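**Q** Here is a sequence together with a model predicted from it:
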Amino acid sequence: MMARKRSYFVCSECGGESYAWSGRCEHCGAWNTLVEHAAREKDKRARTTDSQATAVPLAEVPTTEGDRISTSMEELDRVLGGGLLSGSMSLIGGEPGIGKSTLMLQLVSAIASSGGTVLYATGEESASQVARRARRIGCNTSEVMVLAATSLESIMGTVAKASPGLLVVDSIQTVYSADLTSAAGSVSQVRYCTAELLNLTKSRGMTTFVVGHVTKQGAIAGPKVMEHLVDAVVYFEGDSGHNYRLLRVVKNRFGSTNELGIFEMTSKGLEGVREASAYFLRREGINRPGSVVAAVMEGSRPFLVEVQALTSISRYGVPQRTVNGFDSRRLSMLLAVLEKRCGTDLSNQDVYVNVAGGANLTDPGADLGVCVAVASSRRDLTVREGVAICGEVGLGGEVRPVSSFDKRLSEVLSLGFSMLVGSVEDTGEARVDGKPVKEGVQGYSNVMDSIESLLSRDSEGGSWI
């Protein structure tokens, strides 16, 4: 009698495994996502424990510092924690056409120009398409090796022959292994190929970049375990209506996860933006009702953005709350604070909030700027000229301190603004270049006081309608 062929089921959403089919995944709760796969002897061996592994005291484990290699791209070095790290594997994701392949091509060109050996494995484009883009953006093509292949075994074989210091796989969803029966891009293929490339990276001490697609929900396509395997996860963000691109790291085992890289898409490829404030902030037309300059932090760098607000009488049964570049749930909280703590009647008002320039703010230090912008539009009064604002707002209407107030203050003064408004705690201990500052700062303890003080009285209007 033939032995029964065993199989298991893998969730296409989370990658969780089950040995019996069910309509709902027991790991993530998604419906109709379990896909059947044939069991393999390799899987059984992978689940066995290594009998030769021994535990050692943590104090006796030697620590080694990896070598950092500069990419010649300051913004990319900032995000990665100082440059490429030997033996690390990074996953970069983004929407189609955002510039992932362009960034990787510029990276391999810069490393090749400095004498490094690089291999660019492309599965979505032919070698001629890659060469055409490289020539268009002026990349060095003489020292870059290109492999147009989707087979994992072919990529690993080429790595064994060429011994590159940097490997780029574009993209992981197109790579497949002959050891699996599932199609390329499936959960099992993506997870298996990522694990094999990780083992290859660690064993050879090279640096690997894997490009991944993004789903409609904004997450990297494939199971979450793929993100757990790699050393760094970087998202490439941007809007087709703007030339800027943001490189945001959400996981980094060898550096900070709070850094942000800013690039501008040009005809010659991606160029780093050093002066973030000058790029996001346009000084013309700022002095109008509903417009506020907010000093925010992204990672370790401060920059200024224009927060715009507009209130108008609602023509529908339920007032609309529309926001762009700011958390909509946090906006609802701030509007409730304005109504409850400041007496601002917004029950019959549509409220629109926009962060000009396409920036997406996550810093709670933008709270006070949003509140003042909404109040400015509601009263039809302008904010005092030359003022930038930062501060977190609590449910009690209090203005709370923010991180890195001194860095924000230095950025504000360097761009020609006369004052930075914040909490009393921050302004009382403000310093620039290590010296206490008494002028150029103004502190408030609650939102009501800041609104009454910051809104000028020389504009027409001024009543709460």
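**A** Structure's in. What do you need?
**Q** Name the single longest helix found in this protein.
**A** Assignment by DSSP state H gives helix 187-204 as the longest helix of the chain.
**Q** That helix: which residues count as buried?
**A** 187-194, 196-198, 200-201, 204 (16 or more other C-beta atoms under 10 Å). Heads up, the C-betas are built off the backbone N, CA and C, glycines and all.
**Q** Okay, helices next: where are they in the stretch 151-300 of the chain?
**A** For the stretch 151-300 of the chain, the helices defined by DSSP state H, counting those that start in this stretch occupy 152-162, 187-204, 225-229, 276-280.
**Q** Just send those back as a markdown table, with mean pLDDT and distance to Asp179 too.
**A** Putting those into a markdown table (pLDDT from 0 to 100; distance: least, C-beta to C-beta, whole Å) gives the following:
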| stretch | mean pLDDT | distance to Asp179 |
| --- | --- | --- |
| helix 152-162 | 96 | 8 |
| helix 187-204 | 91 | 7 |
| helix 225-229 | 83 | 17 |
| helix 276-280 | 76 | 46 |
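**Q** list the buried ones in the lengthiest strand in the chain?
**A** Counting residues, the longest strand found in the chain (DSSP state E) is strand 301-313. Using 16+ other C-beta under 10 Å as the test for burial, strand 301-313 gives 301-311.
**Q** One more: stretch 134-151?
**A** Neighbour-count burial for stretch 134-151, counted by 16+ other C-beta under 10 Å, picks out 134, 139, 144, 146-151.
**Q** Can you list the low-confidence ranges for the stretch 201-350 of the chain?
**A** 215-224, 240-241, 282-285 (pLDDT under 70).
**Q** Show me where it has its strands.
**A** Under the criterion DSSP state E, counting those that start in this stretch, the stretch 201-350 of the chain contains strands at 207-213, 232-238, 244-252, 260-266, 269-272, 291-298, 301-313, 321-324, 349-355.
**Q** Now do the first one against strand 232-238, angle only.
**A** Think strand 207-213. 50 degrees (axes from the mean of the first three to the mean of the last three C-alpha atoms, to 10 degrees).
**Q** for the residue nearest to Val437 when sequence neighbours are not counted, what are its contacts?
**A** Distances taken as C-beta to C-beta, 6 or more residues apart in numbering place Ala430 nearest to Val437, at 4.6 Å, with adjacent residues excluded. With contact taken as C-beta atoms under 8 Å, 6 or more residues apart in numbering, Ala430 is in contact with 405-406, 409, 420, 436-437, 441.
**Q** and which of these is nearest to Gly15?
**A** Phe405 (42.6 Å; C-beta to C-beta).
**Q** For the closest one, give me its contacts.
**A** By C-beta under 8 Å, 6+ apart, the contact set of Phe405 is 390, 420, 422, 426-427, 430.
**Q** one step back: check the contacts of Ala430 for burial and list the buried ones.
**A** Buried, going by 16+ other C-beta under 10 Å: 405-406, 409, 420, 437, 441, out of those.
**Q** Among those, which lie within strands?
**A** Counted as lying in strands by DSSP E, out of those, are 420, 441.
**Q** Minimum pLDDT in the buried ones among the contacts of Ala430, which residue is that?
**A** Ranked by pLDDT, those bottom out at Val437, which has 87.
**Q** Inside strands: which ones of the contacts of Phe405?
**A** Counted as lying in strands by DSSP E, out of the contacts of Phe405, are 420, 422.
**Q** Extract the residue ranges of the stretch 1-150 of the chain that are flagged as low pLDDT.
**A** Residues of the stretch 1-150 of the chain that meet the cut-off, pLDDT under 70, sit at 1-6, 38-52, 64-66.
**Q** one step back: looking at the contacts of Phe405, which one is closest to Asn258?
**A** Nearest to Asn258 among these, with distances taken as C-beta to C-beta, is Cys390, at 16.8 Å.
**Q** related to what we said a few turns ago, any chance of the strands of the stretch 201-350 of the chain in a markdown table, plus distance to Pro164?
**A** What follows is those, written out as a markdown table (distance: least, C-beta to C-beta, whole Å):
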| stretch | distance to Pro164 |
| --- | --- |
| strand 207-213 | 9 |
| strand 232-238 | 19 |
| strand 244-252 | 23 |
| strand 260-266 | 24 |
| strand 269-272 | 22 |
| strand 291-298 | 33 |
| strand 301-313 | 32 |
| strand 321-324 | 43 |
| strand 349-355 | 41 |
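**Q** Mind picking the two most distant members of the contacts of Phe405?
**A** Of all pairs drawn from the contacts of Phe405, the greatest distance, 11.4 Å, lies between Cys390 and Ala430 (C-beta to C-beta).
**Q** so what sits against both of the two?
**A** Contact criterion C-beta under 8 Å, 6+ apart; residues shared by Cys390 and Ala430: 405, 420.
**Q** how near is the closest residue in space to Glu95 that isn't next to it in sequence to Gly93?
**A** Leaving aside its sequence neighbours, Glu95 sits nearest to Val214 (C-beta to C-beta, 6+ apart; 5.3 Å). Counting by C-beta to C-beta, to the nearest Å, the separation of Val214 from Gly93 is 5 Å.
**Q** Show me which of the two is the more surrounded one.
**A** Each of Val214 and Gly93 has its neighbours counted (other C-beta atoms under 10 Å); Gly93 has more, 27 against 18.
**Q** immediately after the helix or strand harbouring that one, which helix or strand?
**A** Taking DSSP states H and E as the definition, Gly93 sits inside strand 89-94. Going down the chain from strand 89-94, the next helix or strand is helix 100-113, by DSSP H and E.
**Q** one step back: please identify which of the strands of the stretch 201-350 of the chain is closest to Arg384.
**A** Evaluated over the strands of the stretch 201-350 of the chain, closeness to Arg384 peaks at strand 291-298, with 10.5 Å, by C-beta to C-beta.
**Q** now the closest one: how far from the chain's centre is it?
**A** Put simply, strand 291-298 sits 18 Å off its chain's centre (C-alpha atoms, centre = their mean, to the nearest Å).
**Q** Direction included, what does that strand pair against?
**A** Looking at strand 291-298 with DSSP bridges, its partner strands are strand 301-313 (antiparallel), strand 387-389 (parallel).
**Q** Adding distance to Leu247, write the ones you listed out as CSV.
**A** Output for the strands paired with strand 291-298, formatted as CSV (distance: least, C-beta to C-beta, whole Å):
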stretch, distance to Leu247
strand 301-313, 13
strand 387-389, 25
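**Q** now the buried residues of stretch 134-151 in a markdown table, with secondary structure and distance to Arg400?
**A** Conversion of those to a markdown table gives the following (DSSP: H, G, I helix; E, B strand; the rest coil; distance: C-beta to C-beta, whole Å):
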| residue | secondary structure | distance to Arg400 |
| --- | --- | --- |
| Ala134 | helix | 50 |
| Cys139 | coil | 47 |
| Val144 | strand | 51 |
| Val146 | strand | 53 |
| Leu147 | strand | 53 |
| Ala148 | strand | 55 |
| Ala149 | coil | 54 |
| Thr150 | coil | 52 |
| Ser151 | strand | 55 |
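**Q** No more questions from me, cheers.
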